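Visitor: Build the 3D model from these lines:
(one chain, ligands or ions: 2)
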Amino acid sequence: MSDDPRFGLARHVSLPGPLRLDGGVLLSPVEIAYETYGTLNADASNAILLCHALTGDQHVASAHPVTGKPGWWVRMVGPGKPIDPARHFIVCANVLGSCMGSSGPATINPATGAPWGMSFPVITIRDMVRAQALLLDHLGIATLHAVVGGSMGGMQAVSWPATFPDRVRAAVVIASTARHTAQNIAFHEVGRQAVMADPKWRGGAYYEAGDPPAAGLAVARMAAHITYLSEAGLTEKFGRRLQARPDRPDGAISFGFDADFQIESYLRHQGISFVDRFDANSYLYITRAMDYFDLAGEHGGQLANAFRATKARFCLVSFDTDWLYPTAESRAIVHALNAAGAPVSFVELSSPYGHDAFLLEAPEMNRVVNGFLRAGE
Ligand SMILES: CC(=O)SCCNC(=O)CCNC(=O)[C@H](O)C(C)(C)COP(=O)(O)OP(=O)(O)OC[C@H]1O[C@@H](n2cnc3c(N)ncnc32)[C@H](O)[C@@H]1OP(=O)(O)O
Ligand SMILES: N[C@@H](CCO)C(=O)O
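Guide: Ligands and ions are numbered 1, 2, ... in the order given. Predicted structure coming up:
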């Protein structure tokens, strides 16, 4: 860990709260693990809050402590990048319910001295946002220069001006939506049932045995990962090609149930590597939070109502091959912003990579985010 403010500083804070959750529970204390990059300027006007997606974390531009891989948005965050520690004070916090240091099912319930497990309260995207606001209070940041996020990070980004209309000047919402559809909920339910069907899940009380429901979580990730890709991307990357195996040097079909196709081997790899870095109960809680997300529902059934009180500028970005949160979902937000009279720019970008395109090299996305942020500086 470097003390150089241009690089990520890993921090953790235990805030007394209490935080009143949408489900009615008062959470106290509120543990938040977060990273900062750059320096807060004298009038605290250069803060950017980055919001991570479902399985992301605070390590946005620093190496992941388990996998050792570079942070999940090094393409967007860093010296000379659109979100630049030379200009911005960048904050990225592990969301409530996750497993990288913030309060969640794997953390200790102070009332019992044992991990919360499934007694952790059900949380919402708005609860995540409120926890982030507590962190900003702690950091002395009254108003954000911008809040930025993709996928579930975009749900938080679009919720921020709706929840705290005066605390954010700009929101960048990428590959996201203002609500989960029946199809979104359906895929999540398949994943949750895979976790719960694993006998090692034990009703969520697997921490002390040290033997988590890895098989169930891996299957959940495999199913979910398909939704992050596109048919064109899968065809280009794998097609119907067979996986090379030591027992089949001629590359012929094996007529069995091992991973014969490259796509099968790839998905198994994605599933197996995921369980090393993620907690199964957190997966249940966060997917549930996403399923409950319905910004219009939170505002009397009219999405435009969510934006009437804010003066924030908005930037919406979608990808043409994202069938998880297709462009129509971004357009619905744009229409609501127009109806509310909020300034918004919107672009649909072309990419063969589906939903996860926002995590990959996307020069156009960087150009759009850079231009939008600079216009407010
Ligand atoms: C947004 C956030 O907040 S962070 C969370 C985001 N991170 C993730 O979702 C991590 C998992 N997701 C991914 O890997 C996503 O596809 C991306 C977009 C992040 C990365 O995409 P890409 O760089 O194109 O990587 P790709 O999808 O090809 O996966 C590469 C991995 O598959 C492996 N792989 C590729 N082909 C095969 C195959 N036929 N058989 C087995 N493994 C394979 C590679 O060896 C590599 O393994 P490694 O990650 O252990 O090094
Ligand atoms: N692949 C990303 C985006 C999913 O929405 C993740 O796992 O968090």
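Visitor: For the rest of this, base every contact and every neighbour count on C-alpha atoms.
Guide: Will do.
Visitor: what sits against whatever residue of the stretch 201-350 of the chain ends up closest to ligand 2?
Guide: In the stretch 201-350 of the chain, the residue that lies nearest ligand 2 is Tyr228 (6.1 Å; Cα to the nearest ligand atom). Residues counted as contacts of Tyr228 (Cα atoms under 8 Å, 6 or more residues apart in numbering) are Asp322, Leu324, Gly354, His355, Asp356.
Visitor: Torsion angles phi and psi at it?
Guide: phi -90, psi -10 (degrees, to the nearest 10).
Visitor: What of Ile226?
Guide: According to degrees, to the nearest 10, Ile226 has phi -60, psi -40.
Visitor: Check Gly301 too.
Guide: phi 90, psi 0.
Visitor: any chance you could map the strands in the stretch 1-150 of the chain?
Guide: Ranges of strands in the stretch 1-150 of the chain, per DSSP state E, counting those that start in this stretch, are 9-15, 19-20, 26-27, 30-37, 47-51, 89-93, 108-109, 114-115, 146-150.
Visitor: right, so of these, which gets closest to ligand 1?
Guide: Of the strands of the stretch 1-150 of the chain, the one closest to ligand 1 (Cα to the nearest ligand atom) turns out to be strand 146-150, at 6.7 Å.
Visitor: Determine the set of other helices and strands touching the closest one.
Guide: Contact analysis of strand 146-150 by 3 or more Cα pairs under 8 Å, 6 or more residues apart in numbering; DSSP states H and E lists strand 47-51, helix 152-163, strand 170-174 as its packing neighbours.
Visitor: on that earlier part again, export the strands of the stretch 1-150 of the chain to CSV and append columns for mean pLDDT, distance to Ala220 and mean neighbour count.
Guide: Below are the strands of the stretch 1-150 of the chain laid out as CSV (pLDDT from 0 to 100; distance: least, Cα to Cα, whole Å; neighbours: other Cα atoms under 10 Å):
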stretch, mean pLDDT, distance to Ala220, mean neighbour count
strand 9-15, 90, 29, 16
strand 19-20, 98, 30, 16
strand 26-27, 98, 28, 16
strand 30-37, 97, 25, 25
strand 47-51, 98, 23, 27
strand 89-93, 98, 24, 26
strand 108-109, 96, 25, 17
strand 114-115, 96, 23, 17
strand 146-150, 98, 21, 26
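Visitor: Reformat these into TSV and put distance to ligand 2 next to each item.
Guide: Formatted as TSV, those follow (distance: least, Cα to the nearest ligand atom, whole Å):
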stretch	distance to ligand 2
strand 9-15	20
strand 19-20	25
strand 26-27	25
strand 30-37	17
strand 47-51	11
strand 89-93	14
strand 108-109	24
strand 114-115	24
strand 146-150	8
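Visitor: I'd like to know which of those is closest to Gly140.
Guide: For Gly140, the closest of the strands of the stretch 1-150 of the chain is strand 47-51, at 10.3 Å, according to Cα to Cα.
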